[in-house]
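J.: Here is a sequence with its predicted model. Questions after.
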Amino acid sequence: MAQPAQSAVWPDEPTPLALDTAPVPEYGSGSLADLLPTLAAGQGVPGLGRGIPELTPADRNCVFLIDGLGWEQILAHPDEAPYLTSLLGTSRGGTGRPITAGFPATTATSLASVGTGLPPGVHGLPGYTARNPETGELMNQLRWKPWTPPRVWQPYPTVFQLADEAGVHTAQVSSPTFEQTPLTKIALSGGTFHGRLSGEERMDLAAEQLAAADRSLVYTYYSEVDGKGHRFGVDSDAWRGQLMYVDRLVQRLAEQLPPRAALYVTADHGMIDIPFGEQSRIDFDEDWELRAGVALLGGEGRARHVYAVPGAESDVLAVWREVLGEQFWVAGRDEAIAAGWFGDRIDERVYRRIGDVVAAAHDDVVIIASVNEPNESAMVGMHGSMTPVEQLVPLLEVRS
Ligand SMILES: [Zn+2]
């Protein structure tokens, strides 16, 4: 610990980023959690609010979620994504706009927000990994390891279930790999899941499902923009190739829309490339100062949950803020909650899943863990925090 009385007179004392400078997700008015409730409420499903009032749902609504395709990435690549670009905001002739993913901007959290229509503080998937307060262990929420009873972890019904019960024809069209996963069960179940391997098959089947009833709600998904971004970086040839491919997929689906239908293209988060080198990749596993008093490190590089040894919470917060506070928004649990990072309400069962300290990246830096997370630590592209490049996702509309 630094000695405050002395450090106060150092001329180069670091000034931590003020928490109120963090661009908090627009829960309740313009976030992923508001999309499906708005669509289903417009289809007459009871009990749901219309969080995005400017959206006018159709009788048949399809959501196409493209993993990892942020708003800013579409803006930056009109040549690779001509069709998506034609759907952008008014200056380009479309009605598209950005919405916020939610915090952390990561797949497990965002899929749960989309499917349940609830913010992370309520659905309870507050990151890539989070501590299970019942066992004291870290749980990987994307891979659901170690296995945890899904309906205990996330007890709320999905919007798909509510729509299905209200008589709306409901379907998910995704990879067969995901059909039986706990994350699918707690976030996306309701109606019928259809597994299809190729993107083209998914688009064709989504259009078919959309046409199958007078009122329908269909979800479809594509993963590899995110995959190539992690591995090779946003802007790599492999990533741009995926963008070109997914642009054609969207057009393929749009051209098959049945009458009285709307297609909404969105994403779970954007992505940022992180330079290699110690300045940009701070290695928790090699840093005795950051490790002091820490029992578990959760989350991911750009959105960390830090679980302290009991009694060390305030010391860990002070050290993390001093060491990282110019590059990360570093908040105590209650500060992060009060600032609205996880939404305006935190369920009691979720409270202690959130870190005693939460660190969200502001600069292009990450906190890696080279020993415990070798694969994640080697990724080129990353995401998780509240910066626009990660947080803003498209909400693009095509109507028949
Ligand atoms: Zn990802």
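T.: Nice, I can see it.
J.: Once you drop chain neighbours, what's closest to Leu55?
T.: Thr38 (5.1 Å; Cβ to Cβ, 6 or more residues apart in numbering). C-beta coordinates here come from the backbone N, C-alpha and C atoms, glycine included.
J.: For the strand or helix carrying the one you found, name the packing helices and strands.
T.: Thr38 belongs to helix 35-42 when assigned by DSSP states H and E. The criterion is 3 or more Cβ pairs under 8 Å, 6 or more residues apart in numbering; DSSP states H and E, and the helices and strands that helix 35-42 contacts are strand 60-66, helix 107-116, helix 159-165, strand 216-222, strand 261-266.
J.: at 7 Å what do you get?
T.: Using 3 or more Cβ pairs under 7 Å, 6 or more residues apart in numbering; DSSP states H and E as the contact definition, the elements that helix 35-42 packs against are strand 60-66, helix 159-165.
J.: when you compare where it runs with where strand 216-222 runs, what's the angle?
T.: Per axes from the mean of the first three to the mean of the last three Cα atoms, to 10 degrees, the angle that helix 35-42 makes with strand 216-222 is 160 degrees.
J.: what distance separates helix 35-42 from the centre of its chain?
T.: A distance of 19 Å separates the C-alpha centroid of helix 35-42 from that of its chain, computed with Cα atoms, centre = their mean, to the nearest Å.
J.: The strand or helix carrying Ala238: which residues count as buried?
T.: Secondary structure here is read from DSSP H and E; on that basis Ala238 sits in helix 237-254. Neighbour-count burial for helix 237-254, counted by 16 or more other Cβ atoms under 10 Å, picks out Trp239, Arg240, Gln242, Leu243, Val246, Asp247, Leu249, Val250, Gln251, Arg252, Leu253, Ala254.
J.: Which members of those are the farthest-apart pair?
T.: Across these, the longest distance by Cβ to Cβ is 22.5 Å; it joins Trp239 and Ala254.
J.: dump the residue contacts of Val316.
T.: Shown in contact with Val316 (Cβ atoms under 7 Å, 6 or more residues apart in numbering): Gly293, Val294, Val306, Ala308, Asp356, Val357.
J.: repeat that with 6 Å
T.: Counting by Cβ atoms under 6 Å, 6 or more residues apart in numbering, Val316 makes contact with Gly293, Val294, Ala308, Val357.
J.: Over to Gly233?
T.: Under the criterion of Cβ under 6 Å, 6+ apart, the neighbours of Gly233 are Asp273, Val380, Gly381.
J.: Just the closest of the residues you listed to Asp285, please.
T.: Among the contacts of Gly233, Val380 lies closest to Asp285 (Cβ to Cβ), at 19.6 Å.
J.: which sections of the protein are below the confidence cut-off?
T.: Judged by pLDDT under 70, the chain has its weakly predicted residues at 1-12, 90-93.
J.: let's see it at 90
T.: For the chain, residues meeting the criterion pLDDT under 90 lie at 1-14, 49-51, 53-54, 89-95, 235.
J.: hang on, the earlier thing: switch the buried residues of helix 237-254 over to TSV; also include distance to Ser174.
T.: Listed next are the buried residues of helix 237-254 as TSV, based on distance: Cβ to Cβ, whole Å:
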residue	distance to Ser174
Trp239	21
Arg240	24
Gln242	17
Leu243	20
Val246	14
Asp247	19
Leu249	13
Val250	16
Gln251	19
Arg252	16
Leu253	14
Ala254	19
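J.: Can you show me the helices along the stretch 101-250 of the chain?
T.: Counting by DSSP state H, counting those that start in this stretch, residue ranges of the helices within the stretch 101-250 of the chain are 107-116, 120-123, 150-153, 159-165, 182-187, 199-210, 224-232, 237-254.
J.: Where do the strands of the stretch 1-150 of the chain begin and end?
T.: The residue ranges that make up the strands of the stretch 1-150 of the chain, judged by DSSP state E, counting those that start in this stretch, are 60-66, 97-100, 129-131, 138-140.
J.: still on that earlier bit, between helix 224-232 and the helix holding Ala238, find me the angle.
T.: Using the same axes, to 10 degrees, helix 237-254 lies at 180 degrees relative to helix 224-232.
J.: tell me what helix 237-254 is packed against?
T.: Helix 237-254 is packed against helix 82-86, helix 199-210, helix 224-232, with contacts defined by 3 or more Cβ pairs under 6 Å, 6 or more residues apart in numbering; DSSP states H and E.
J.: Can you name every helix or strand that the second one contacts?
T.: With contacts defined as 3+ Cβ pairs under 6 Å, 6+ apart, the secondary structure elements packing on helix 199-210 are strand 60-66, strand 169-174, strand 216-222, helix 237-254.
J.: Excluding chain neighbours, what is closest to Gly270?
T.: If you skip the residues right next to it in sequence, Gly270 has Gly70 as its closest partner in space, 1.9 Å away by Cβ to Cβ, 6+ apart.
J.: what's the spacing between the one you found and Asp364?
T.: Taken as Cβ to Cβ, to the nearest Å, the spacing of Gly70 relative to Asp364 amounts to 14 Å.
J.: of these two, who's got more company?
T.: Between Gly70 and Asp364, counted using other Cβ atoms under 10 Å, Gly70 has the larger neighbour count: 30 against 15.
J.: so who does the more buried one touch?
T.: Contact criterion Cβ under 6 Å, 6+ apart gives Gly270, Val389, Val393 as the residues in contact with Gly70.
J.: Most neighbours of all those, which one?
T.: Within those, neighbour counts (other Cβ under 10 Å) peak at Val393, which reaches 31 neighbours.
J.: Return the list of helices and strands in contact with the helix or strand encompassing that one.
T.: Assigned by DSSP H and E, Val393 belongs to strand 392-399. Contact analysis of strand 392-399 by 3+ Cβ pairs under 6 Å, 6+ apart lists helix 71-76, strand 97-100, strand 261-266 as its packing neighbours.
J.: so which of the ones you listed gets nearest Gly47?
T.: Counting by Cβ to Cβ, Gly47 lies closest to strand 261-266 out of the helices and strands packed on strand 392-399; the figure is 21.0 Å.
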